[in-house]
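Undergrad: Sequence below, structure please.
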Amino acid sequence: MELLHLNEHISCRTCLNCDKGANPSIEIKQAGKGVLLTEQSVQHIIIFLLEGEVTYSFGMYHNRRMRSGQALYLPVGYNFSYRAESEALLLFIRPYSTLQFCDCYSLQDLIRRTLDTGMDSPWLLEIKEPVKGYTDMLVCCIRKGLCCGYYNELKINELIYLFGEFYTREELALFFSEALSRDAGFSHYVMNNYHKYSTLSELASSMNMSLSSIEKHFRKAFNTSGYKWMNDHKAKKIFHALRAGDHNLKELSLEFGFASESSFNRFCKQRLGRPPGEIRKIPDYKNG
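TA: Model prediction:
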């Protein structure tokens, strides 16, 4: 079946309700075997692999495998690269608001459920039957040309509701572990904006806070200091850049705001345990 009002939808693409910009809230992507693609997570992304198999990297995770029928949560502010090991079809969902499973069940309610699995990979959700029906419907509508922002907003809310109904709190806590915080408003701003600033002082200024005040909020929200939190996330991005990219070390030191290559080397040794040249030589992780 085709859209009955296709002309209206075509004209709609020039209006504010159109959701076909650089980062639409819902998007399907196809990749041929061997194709390498990259993604910048300017907001949280839930990625469904509907067909095929991919090898992906972001942060401290390098060359991890994801197979058809699985979903991955990508935190905001990361460079994400993936290569199709076979013909692949992916669905990207980019929620703009905080995640609320229902009126009385929010993402923050999962904090007490967080478990230490000891896994050296992100937790992947298996796509259960109700969510499979949801993704099939979305792909069908997108391929028919439906790109309305109102529709996408409704579908994202539906997805979060399905998560809350058909997955255990333990599963969701593991899946969304990177987004969990005890101070939802503060952490939402930090997660969506920290990558714009090089130092904790700059982040504090953007929030009209003193250093002592922002440190208190970091302790409450993330159970660590703001300085350590910022540097930990910076280290993850550097690790990904070293493992997945081919920029020389001088270029990378400038990109990440270091005054010299020697200070860049010291940071890598302190935060990642090795100088940058050695990090590039680490054997690839093998899984699944």
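Undergrad: so Asn231 touches Leu272, yeah?
TA: No. Look at Asn231 against Leu272 with C-beta atoms under 8 Å: they stay out of range, at 10.7 Å. Any C-beta I mention is one placed from the backbone N, CA and C, and that applies to glycine too.
Undergrad: how about the helices in this structure?
TA: 6-12, 129-143, 149-166, 169-175, 184-193, 200-206, 211-222, 226-244, 249-255, 261-272, 276-279 (DSSP state H).
Undergrad: I'd like to know which elements the third one is packed against.
TA: In other words, helix 149-166. strand 26-31, strand 100-102, helix 129-143 (3 or more C-beta pairs under 8 Å, 6 or more residues apart in numbering; DSSP states H and E).
Undergrad: in the stretch 151-288 of the chain, which ranges drop under the pLDDT threshold?
TA: The stretch 151-288 of the chain contains residues with pLDDT under 70 at 180-185, 285-288.
Undergrad: burial measure for Asn231, as a count.
TA: 15 (other C-beta atoms under 10 Å).
Undergrad: Got phi/psi on Ser260?
TA: Backbone torsions of Ser260, given as degrees, to the nearest 10, read phi -160, psi 160.
Undergrad: Look up how far His233 lies from the residue nearest to it when sequence neighbours are not counted.
TA: Nearest non-adjacent residue to Ser260, counting by C-beta to C-beta, 6 or more residues apart in numbering: Ser253, 6.9 Å away. Distance, Ser253 to His233, by C-beta to C-beta, to the nearest Å: 17 Å.
Undergrad: out of the two, which sits in the more crowded spot?
TA: The residue with more neighbours, out of Ser253 and His233, is Ser253; 22 against 19, by other C-beta under 10 Å.
Undergrad: hang on, the earlier thing: could the helices and strands packed on helix 149-166 be laid out in CSV, adding mean neighbour count and distance to Leu249?
TA: Below are these laid out as CSV (neighbours: other C-beta atoms under 10 Å; distance: least, C-beta to C-beta, whole Å):
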stretch, mean neighbour count, distance to Leu249
strand 26-31, 18, 30
strand 100-102, 16, 43
helix 129-143, 14, 41
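Undergrad: beta partners of the most centrally placed residue in the chain?
TA: Nearest to the mean C-alpha position of the chain, counting by C-alpha atoms, centre = their mean, stands Leu74 at 2.0 Å. On the basis of DSSP bridges, Leu74 is bridged to Ile45.
Undergrad: what's next to stretch 272-288, contact-wise?
TA: For stretch 272-288, contacts defined as C-beta atoms under 8 Å, 6 or more residues apart in numbering pick out 61-65, 67, 120-121, 235, 238-239, 242-243, 249, 252, 264-265, 268-269.
Undergrad: Centre of the chain to it, how far?
TA: 22 Å (C-alpha atoms, centre = their mean, to the nearest Å).
Undergrad: Show me which positions of it end up buried.
TA: Leu272, Arg274, Pro276, Ile279 (16 or more other C-beta atoms under 10 Å).
Undergrad: how many neighbours does the residue lying closest to Leu252 once chain neighbours are set aside have?
TA: Among residues not flanking Leu252 along the chain, Ala241 sits closest, at 5.7 Å (C-beta to C-beta, 6+ apart). As a burial measure, Ala241 scores 18 neighbours (other C-beta under 10 Å).
Undergrad: any chance of the helices and strands packed on helix 149-166 in a markdown table, with distance to Asn192 and mean pLDDT too?
TA: Below are those laid out as a markdown table (distance: least, C-beta to C-beta, whole Å; pLDDT from 0 to 100):
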| stretch | distance to Asn192 | mean pLDDT |
| --- | --- | --- |
| strand 26-31 | 19 | 94 |
| strand 100-102 | 16 | 65 |
| helix 129-143 | 24 | 94 |
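Undergrad: any chance of these in CSV, plus distance to Thr224?
TA: Output for the helices and strands packed on helix 149-166, formatted as CSV (distance: least, C-beta to C-beta, whole Å):
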stretch, distance to Thr224
strand 26-31, 34
strand 100-102, 25
helix 129-143, 33
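Undergrad: Ser225: which of those is closest?
TA: Evaluated over these, closeness to Ser225 peaks at strand 100-102, with 28.8 Å, by C-beta to C-beta.
Undergrad: returning to what we had before: does the residue nearest to the centre of the chain touch Ile45 like I think?
TA: Yes. Counting by C-beta under 8 Å, Ile45 is a contact partner of Leu74 at 4.3 Å.
Undergrad: Spit out the residues that contact these two alike.
TA: Glu39, Phe80.
Undergrad: Could you measure from the residue nearest to the centre of the chain over to Ile142?
TA: 20 Å.
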